[in-house]
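Q: Please find the sequence and the predicted model below.
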Amino acid sequence: MLCMVPVQEMPQVARVTIHDVARRAGVAPSSVSRVLNKHPNVSAQLRQAVEEAVRELDYRPDAGARSLRAGKTNLVGFLAGSVVNPILATIYMSCEQVLRAQGYSMLLATSLNDPHLDVTYLRLISRRRVDGLIVSSAVARVDLAADIVADLSVPTVMLDRDMPAGERISAVMSDHATGMRQAVQHLVSLGHRRIALINGLATVRPFRERQLGYQSGLQAAGLGPDPTLISNVAVAESLGYVQTQLLLDMPNPPTAIIAGANLLLLGILKFIQERRLVIGRDIAIVGCDDLDIARLYSPPITVVARDLSMLGETAAHLLIQTIESGRGSTVTLPTYLIVRGSSTVAGLGHT
């Protein structure tokens, strides 16, 4: 029969301390410390007595306490809006692999895209005396988190977010504007003239840069941006759906739609399916980031892509560099267009 012991009745195992080792060896705690720290001026007799006591008591030094005394914890805080987001999940995993190989452990906090939780978690992480931070803050009011990051004075890498002022603050950015400009030029070359953009809020850097690239691509083609074809909304599938409906119900609807985020793309695809339009024939679609939904949809979706694993690896290396040098820097990584079946045919109109 299996017996469950109530938690409050479970015996508490006392941690073996350096004082226990000293008593067993018959020496002072300071002598134990000298042996454990491999001090050169220690007699063979003392070293043998301490090492035997350590083995007998199965003593394990408190790595956390030792690192604090050394002024280093080998902990890195990672603040993300949501790791359910496959983009951030990929970045986090590649980042963690690099840091683990360098002897760091990561503390992950997810704010569920709540900017106030961003601030709360940043403060909590800083109390753990982390050696550094990697921050991808919530999709709104990034200034709140930026102010906290600047005040903490902890070596920090911002992931594709506007940088607060600070000597030890670095950033890894993506060149969203170039990839978006390529997408617009691609659509224009296929005969599209009414190209819509359903985008996130322009207060967040990636969406702002994508919109600038979109406008630049239109201007390079001699097409003035039409405000009725541009939507800035919170990133949600339902809003992508609603904005697509509004666009396609216009008297002169767009023949191509660019989605500034994957959740918006899902809403766009859902409405187009319900309207029984054929992507690549009745309307062209372009997304951002090369995730499974883009590769597996039929036809596959043309996307403005970036190397998410490289982004995470770069953030990790840049943080280590910032910790060691005490100086921040910025690295910008490229985006590029992957052309697929969703945009290979010029818009012929839809019913």
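A: Received, thanks.

Q: Which parts of the stretch 201-350 of the chain are helices?
A: 205-220, 237-248, 262-274, 292-296, 308-325 (DSSP state H, counting those that start in this stretch).

Q: To residue 93, which of those helices lies closest?
A: helix 308-325 (7.0 Å; CB to CB). Glycine gets a C-beta too; all of them are placed from N, C-alpha and C.

Q: Tell me which residues are up against the closest one.
A: Contact with helix 308-325 is made by 76, 87, 90-99, 102, 104, 131-134, 155-157, 159-160, 168-170, 172, 174, 289, 328-329, 331, 333, as judged by CB atoms under 8 Å, 6 or more residues apart in numbering.

Q: buried subset of the residues you listed?
A: Among these, those classed as buried by 16 or more other CB atoms under 10 Å are 76, 87, 90-92, 94-96, 98-99, 104, 131-134, 155-157, 159-160, 168-170, 172, 174, 289, 328.

Q: middle-most residue in the chain, spatially?
A: Note on the chain: the residue nearest the mean C-alpha position is residue 88, at 4.1 Å, using CA atoms, centre = their mean.

Q: list the contacts for that one?
A: Counting by CB under 8 Å, 6+ apart, residue 88 has contacts 80-82, 136.

Q: And for residue 107, the neighbour number?
A: Here the count is done by other CB atoms under 10 Å, and residue 107 has 16 residues near it.

Q: Can you name the residues bridging to the residue lying closest to residue 307 once chain neighbours are set aside?
A: The shortest distance from residue 307 to any non-neighbouring residue, by CB to CB, 6 or more residues apart in numbering, is to residue 333 (6.9 Å). The bridge-partner assignment for residue 333, based on DSSP bridges, gives residue 174.

Q: and stretch 162-182, how far apart are its ends?
A: In stretch 162-182, first residue to last residue: 23 Å (CA to CA, to the nearest Å).

Q: Out of the contacts of residue 88, give me the two with the largest separation.
A: So, the contacts of residue 88 by CB to CB: farthest apart are 82 and 136, at 9.5 Å.

Q: More neighbours: those two, which one.
A: Using other CB under 10 Å, the more surrounded residue of residue 82 and residue 136 is residue 136, with 27 against 16.

Q: Which pLDDT value goes with the nearest residue to that one once chain neighbours are set aside?
A: Among residues not flanking residue 136 along the chain, residue 159 sits closest, at 4.0 Å (CB to CB, 6+ apart). For residue 159, the model assigns a pLDDT of 91.

Q: Kindly report the same for residue 105.
A: In this model, residue 105 carries a pLDDT of 91.

Q: Specify the beta-bridge partners of it.
A: residue 75.

Q: Quick one: classify residue 79 as helix, strand or coil.
A: Recorded secondary structure, residue 79: strand (DSSP: H, G, I helix; E, B strand; the rest coil).

Q: can you give me how far stretch 315-329 is from the chain middle?
A: Remark: stretch 315-329 is offset 17 Å from the chain centroid, using CA atoms, centre = their mean, to the nearest Å.

Q: In strands, which of the contacts of helix 308-325 fall?
A: Among those, the residues falling in strands (DSSP state E) are 76, 132-134, 156-157, 159, 169-170, 172, 174, 331, 333.

Q: What is the nearest of these to residue 119?
A: residue 133 (13.0 Å).

Q: from memory that closest one sits against residue 153, does it?
A: No. Counting by CB atoms under 8 Å, residue 133 stays clear of residue 153, with 10.7 Å between them.
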